[in-house]
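Student: sequence-free structure coming up:
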């Protein structure tokens, strides 16, 4: 995908830190072309049967699927983990064939115990919003 901050199949230096990950963290990244962003971690493609993951990096495909995506991924992350929802920039929504906006993700996430705390550019056409469990709900 053009514009990805990846060189030779590895995310540019510092990208993992910007995600909130650390080398060796277990991250769930279902979309194959998002996996280079998690370079340096233990990437899993499917939810583990047992245990938790540090974070999830995914693309919500349709607005009406966001609530179930957030519920499912929230159950999978560690208490201090994160969920990155990678969404199209407004100019690319139609070209990418997705109806998900930043406002959709935020509106639906704030109805849960998640809150947004960071955005990050993933490519010329996409950026992400990081969702975390509200601080007062963590142990």
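Tutor: Okay, I see it. Keep in mind it's a predicted model, so treat the numbers as computed, not measured.

Student: where does the residue most central in space within the chain fall, phi/psi-wise?
Tutor: Central residue of the chain (C-alpha atoms, centre = their mean): residue 84, 1.9 Å from the mean position. Note on residue 84: its backbone torsions stand at phi -100, psi 120 [degrees, to the nearest 10].

Student: Does it touch residue 54 like I think?
Tutor: No - applying C-beta atoms under 8 Å, one finds residue 84 not in contact with residue 54, separated by 11.5 Å. In this view, the C-beta of every residue, glycine as well, is placed from N, C-alpha and C.

Student: show me the contacts for residue 104.
Tutor: With contact taken as C-beta atoms under 8 Å, 6 or more residues apart in numbering, residue 104 is in contact with 60, 63, 66.

Student: same thing but at 10 Å, please
Tutor: Residue 104 makes contacts with 60, 62, 63, 64, 66, 85, 87, as judged by C-beta atoms under 10 Å, 6 or more residues apart in numbering.

Student: Report pLDDT for it.
Tutor: As predicted, residue 104 sits at a pLDDT of 95.

Student: again with the one 5 residues further on
Tutor: If you check residue 109, the pLDDT there is 95.

Student: Got phi/psi on the nearest residue to it once chain neighbours are set aside?
Tutor: Nearest residue to residue 109, sequence neighbours excluded (C-beta to C-beta, 6 or more residues apart in numbering): residue 131, at 5.1 Å. Residue 131 has phi and psi values of phi -110, psi 140 when expressed as degrees, to the nearest 10.

Student: Tell me if I'm right that residue 131 and residue 56 touch.
Tutor: Yes - counting by C-beta atoms under 10 Å, residue 56 is a contact partner of residue 131 at 9.2 Å.

Student: Hmm, residue 29 and residue 45 touching each other?
Tutor: Yes - contact criterion C-beta under 10 Å: residue 45 and residue 29 qualify, at 7.1 Å.
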